[in-house]
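Trainee: structure here, sequence nowhere to be found:
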């Protein structure tokens, strides 16, 4: 599914859910006494990265909706698989929720290895947004466009590094997909989260970074943006083109955020979480705060989130196999 097709699908799906599947007042009366205690929203990455920031925005709104504190718990490591596994193994009562980046479900298990099946061991309860990945370089790199960067990389094979939030993450897949689409030879440098990757990009220790939070460093003049993917627009990065317009049409590599609970969770609790997350996705404050991170949220139903996961798994598997990616 191309980026353009994915955008049209998302727009149609969001409209369907908003008008027919999840009416605004449907979730308002919690049944069976749930929730009767605080919830944990597990971010499977260290603090300071996009996943962590999304979790804090979402958790704050969930707290007011559910009437119980929602605490963000960071459990980073192994491309997000450690935190994900902790949720899979948790008590399936709805009080432990995974704030997943789709990469730690659709690519990290294949790259790193993980004892869980995202389609069997977890059930999606909320769509938290497509992620805008910003392709940004250190100002010392003599390239002002993506085409110029590709030409420069071809002229200097094996000498340029690109940093990401870790092995098997969305940035890693995007970087390898870029290599496959263009034939350039650049070296992946995995970090333990976005914050560390961006620190080294700003310092010039890696020449290219693929990360949503690169935008803030572009605006500060510390990095130069060449293109972005995964979003319908980029109003806070004027003059920066979408990757299709930058010279790579039909870009397929994507990443999104979702909330999930263990598959054994009672259906009544799952239903309440689905309604609550749909309300979060409709909240105008949440929408604007996430947009500031380059994340476009929409109230999708679990079946639609699963369809997106399957689509991303297919693309990522192809990239991983062609690149022979290993941890």
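Mentor: That came through fine. Note that the coordinates shown come from a computational prediction; the quantities given were computed from them, not determined experimentally.
Trainee: what ranges does this structure have for its helices?
Mentor: 3-16, 50-66, 81-88, 103-106, 108-112, 146-155, 170-182, 194-203, 214-219, 267-282, 284-291, 302-323 (DSSP state H).
Trainee: got the contact list for residue 289?
Mentor: residue 57 (CB atoms under 8 Å, 6 or more residues apart in numbering). Every residue, glycine included, has its C-beta placed from N, CA and C.
Trainee: what does stretch 54-61 contact?
Mentor: 41, 43, 70-72, 99, 126, 128-129, 257, 259, 277, 279-280, 283, 285-286, 289-290, 293, 295.
Trainee: list the buried ones in it?
Mentor: By neighbour count with 16 or more other CB atoms under 10 Å, stretch 54-61 contains the buried residues 54, 55, 56, 57, 58, 59, 61.
Trainee: then stretch 70-81?
Mentor: Here stretch 70-81 shows 70, 72, 73, 74, 75, 76, 77, 78, 79, 80, 81 as buried, counting by 16+ other CB under 10 Å.
Trainee: how about stretch 305-323?
Mentor: 305, 306, 308, 309, 311, 312, 313, 315, 316, 319, 320, 323.
Trainee: from residue 209, how far off is the fifth one?
Mentor: Translated: residue 311. Distance, residue 311 to residue 209, by CB to CB, to the nearest Å: 25 Å.
Trainee: quick one, domains of the chain?
Mentor: As recorded under automatic domain parsing, the domains making up the chain are 3-131+254-323, 133-229.
Trainee: residue 147 and residue 247 touch, don't they?
Mentor: Yes. Residue 147 is within contact range of residue 247, at 4.9 Å (criterion: CB atoms under 8 Å).
Trainee: so where is the stretch 201-327 of the chain shaky, pLDDT-wise?
Mentor: 327 (pLDDT under 70).
Trainee: repeat that with 90
Mentor: 212, 230-236, 253-255, 292-294, 323-327 (pLDDT under 90).
Trainee: quick one: the nearest residue to residue 65 once chain neighbours are set aside and residue 52, what's the gap?
Mentor: In space, residue 65 comes closest to residue 276 once its chain neighbours are excluded; the distance is 5.2 Å by CB to CB, 6 or more residues apart in numbering. Residue 276 sits 20 Å away from residue 52, going by CB to CB.
Trainee: who has more neighbours, these two?
Mentor: residue 276 (23 against 20; other CB atoms under 10 Å).
Trainee: isn't the more buried one up against residue 66?
Mentor: Yes. At 6.1 Å, residue 276 counts as touching residue 66 under the criterion of CB under 8 Å.
Trainee: who touches both of these two?
Mentor: Counting by CB under 8 Å, 6+ apart, nothing touches both residue 276 and residue 66.
Trainee: can you pull the contacts of residue 245?
Mentor: With CB under 8 Å, 6+ apart, residue 245 has these contacts: residue 227.
Trainee: gap between it and residue 251?
Mentor: 10 Å.
Trainee: ok now stretch 75-84, how far from the chain's centre?
Mentor: 14 Å (CA atoms, centre = their mean, to the nearest Å).
Trainee: stretch 236-245 too?
Mentor: With CA atoms, centre = their mean, you get 19 Å for stretch 236-245.
Trainee: mind listing what's buried along it?
Mentor: 237, 240, 241, 242, 243.
Trainee: looking at those residues, which is nearest residue 182?
Mentor: residue 243 (11.4 Å; CB to CB).
Trainee: list the contacts for the closest one?
Mentor: Going by CB under 8 Å, 6+ apart, the list of residues near residue 243 reads 3, 135, 146, 227, 228, 229, 251.
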